[in-house]
Structures are given as C-alpha cells and as structure tokens.
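Trainee: prediction below, plus the sequence it came from.
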Amino acid sequence: MEKKIFEIGDKVAVLDDTITGRVVQITQGQITIETTDGFPLNFEPSELIRINIEDSFGISNLEVARSKAEKEIPKRNISKPSKTKERYAPKMEVDLHIGQLVPSIKGLTNFDMLNLQLEAAQRQLEFAIRKRIQKVVFIHGVGEGVLKEELYYLFKRYDNVKYYDADYQKYGLGATEVYIYRNS
C-alpha cells in the first residue's frame, strides 16, 4: 500500500464524507484542512484523497473506489446457528381479530363476531389436529378477555390439547399457544 504524501495547499476530499477543502497544516499523523465552508478539520492521511486541480470533475470514481478498498476490512461469512427457541417456534399462527376474518363488520353484533371468531378457531384447531401440527398460536388480542375465555372453554373440550399463554416477548398478553399431543 502506497503512503499518501500531502503538501500544504493540496486540494483534498474526505473519503467517507462529502467534505472537500485545502491542506493548511501538516503535523505528525494529522492533516488539518480548511473546508470550502471555512472550517478547520483534522484528519489522518488515510482518510483523505488528493484532488487534481486541473481535473474539472474533481476525483474519479475509480480513485475513490481504490482508496475505500484499501481501508475496507473484509467481512467474514459466519452462519448463525439457530437458537433453541427458534427451532421449537410455533408452526402455525391463527389471527382471530375480526378484521382478518370478514371484510366488513357492518351489521354484525358482538355475539355474531364472537361466534365467527370461535368457529374460525375450532376449524383451525381441527385442521392442525388432522395435519399433525403440534403447536398453534391463536392471536386473540387483549380486549376485555371474552374471546380468550371462550377459547379456553373450547380447548377444554379436547382431550389431547394443552393450552397456555403464548410467548410474551413476541405476542404480549394477546395470544394463547396450544400444544396438541399425538396419539400413538
């Protein structure tokens, strides 16, 4: 790698910024430039590149690319091992928010909406049992807790089902995870 030598009066540009200016002072390991706005700033020689005064376009993209390549540290490609929690993450999520189930709630009573949500939950639970999906998360939201209680009543009717609050960090208090035991 060639060592950059600057002289007082050289027109320079900063590699990682849009700052340009002229060299006004050179000390050991530091170069002070006066920006085109009149501010003095200190840089290391490796952070600057000389601009040819004769070149009406300033520095070329090739010069900038070469200088940046000299500074760049190659990145190591590391594959991240999957975390235990991620490996056993729920396979299926069912969003029971009424807006996800019907295009419009116009004309629906609270009782109608609750029944639609419970029918969707039962349909999805039976689908998961048929397809041998072990974990299902039912996203019901927090609300007043009516849907959550009705879901618990529904889950109690199944012998091979265990239910509990879903992962708080991911869902907050608005979801229930169902574990389905496989019959041997």
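Mentor: Arrived safely, thanks for sending.
Trainee: so what strands line up beside the host helix or strand of residue 176?
Mentor: For residue 176, the host element (DSSP states H and E) is strand 175-180. Sheet pairing of strand 175-180 (DSSP bridges) gives strand 135-139 (antiparallel), strand 161-165 (antiparallel).
Trainee: got the CA positions of that strand in PDB?
Mentor: Listed next in PDB are the C-alpha coordinates belonging to strand 175-180 (Å, rounded to 0.1, in the frame of the first residue of the first chain):
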ATOM      1  CA  ALA A 175     -52.200 -14.800  22.300                       C
ATOM      2  CA  THR A 176     -52.700 -18.400  23.500                       C
ATOM      3  CA  GLU A 177     -50.500 -21.300  22.400                       C
ATOM      4  CA  VAL A 178     -52.000 -24.700  22.000                       C
ATOM      5  CA  TYR A 179     -49.900 -27.900  22.200                       C
ATOM      6  CA  ILE A 180     -51.500 -30.900  20.500                       C
END
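Trainee: give the buried residues for the longest helix anywhere in the chain.
Mentor: Identified as the longest helix of the chain according to DSSP state H is helix 110-130. Buried residues in helix 110-130, counted by 16 or more other C-beta atoms under 10 Å: 116-118, 120-121, 124-125, 128-129. Yep, even glycine has a C-beta here, placed from its N, CA and C like the rest.
Trainee: outside of it itself, list whatever touches it.
Mentor: Outside of helix 110-130, the residues that reach it under the criterion C-beta atoms under 8 Å, 6 or more residues apart in numbering are 92, 94, 96, 98, 101-102, 105, 108, 133, 136, 138, 140, 146-147, 150-151, 154-155, 158, 160-161, 178, 180.
Trainee: sort out which of the residues you listed are buried, if you could.
Mentor: Of the members of those, the ones counted as buried by neighbours, 16+ other C-beta under 10 Å, are 92, 94, 96, 98, 133, 136, 138, 140, 147, 150-151, 154-155, 158, 161, 178, 180.
Trainee: picking that back up, deepest of the strands paired with strand 175-180, which one?
Mentor: Per-residue neighbour counts averaged over each of these give the maximum for strand 135-139, namely a mean of 21 (mean count of other C-beta atoms under 10 Å).
Trainee: tell me what angle that one forms with helix 110-130.
Mentor: Interaxial angle of strand 135-139 relative to helix 110-130 (axes from the mean of the first three to the mean of the last three C-alpha atoms, to 10 degrees): 170 degrees.
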